[in-house]
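Novice: Here you go, sequence then predicted model.
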Amino acid sequence: MSDLKLCQGTSCHTYNTKDRLKGSKDNKTFQTRRRSSFYYGNGNFCSLNCQNDWFNDFGNKAIDHFGRLTEPKHLTEENAWYKQYDWRANADESHRHYFVNAITKEQRPLTEEQYEDRNYTLNIS
Ligand SMILES: [Zn+2]
C-alpha cells in the first residue's frame, strides 16, 4: 500500500483538471487528488480552493466544536514581546536583534542565538 494522502477538500473531485481524471477508458471519473504531501491546511488540502471549500462546509461546526470566542482576547503588556532585527548591509557590522513590546514600545537587546531560539521569549505563560 502507498502512503498517499487524499485531499480533504469537499469538492476536490469536481474540479475537472486532467490530473484528477482517472480510470480505464470506458470508466473514467474525476477523483479527489492523492499526493504524498500537500502544502495547504497543515498538509490536508491540495489547494487554497479546497481548503476554502472545506471551511465553507465545516468551518462553523469546527469553531463551535472547539469553542467559539464570545469575548475579545487581550494581549497585555507582559505578553506583547516580539522579536525584531535591523539588517545591516555593512559586513563589519552585525545585524541588531532585539525584543520590542508591542504596547509599551520598549526594546531589549537579544543575542542572535536567542533570536533564533523559537522557545526563547519574555512573554509570561
Ligand atoms: Zn483538493
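Specialist: Arrived safely. Numbers count the residues shown, from 1 in each chain.
Novice: I'd like the distance from H95 to K83, if you could.
Specialist: Applying C-beta to C-beta, to the nearest Å, the value for H95 to K83 is 12 Å. Where you see a C-beta, it was placed from the backbone N, CA and C, and this is true even at glycine.
Novice: The two - which one has more neighbours?
Specialist: Comparing H95 with K83 by other C-beta atoms under 10 Å, the one with more neighbours is K83, at 17 against 11.
Novice: you'd agree that one is in a strand?
Specialist: Yes. Assessed with DSSP: H, G, I helix; E, B strand; the rest coil, K83 lies in a strand.
Novice: Return the residues in contact with it.
Specialist: 97-100, 110, 115 (C-beta atoms under 8 Å, 6 or more residues apart in numbering).
Novice: how near is the residue in the chain sticking out farthest from the centre to the ion?
Specialist: What lies farthest from the middle of the chain is D26; by C-alpha atoms, centre = their mean that is 40.8 Å. Per C-beta to the ion, to the nearest Å, D26 is found 26 Å from the ion.
Novice: In three-state terms, label that residue for me.
Specialist: Following three-state DSSP, D26 is assigned to coil.
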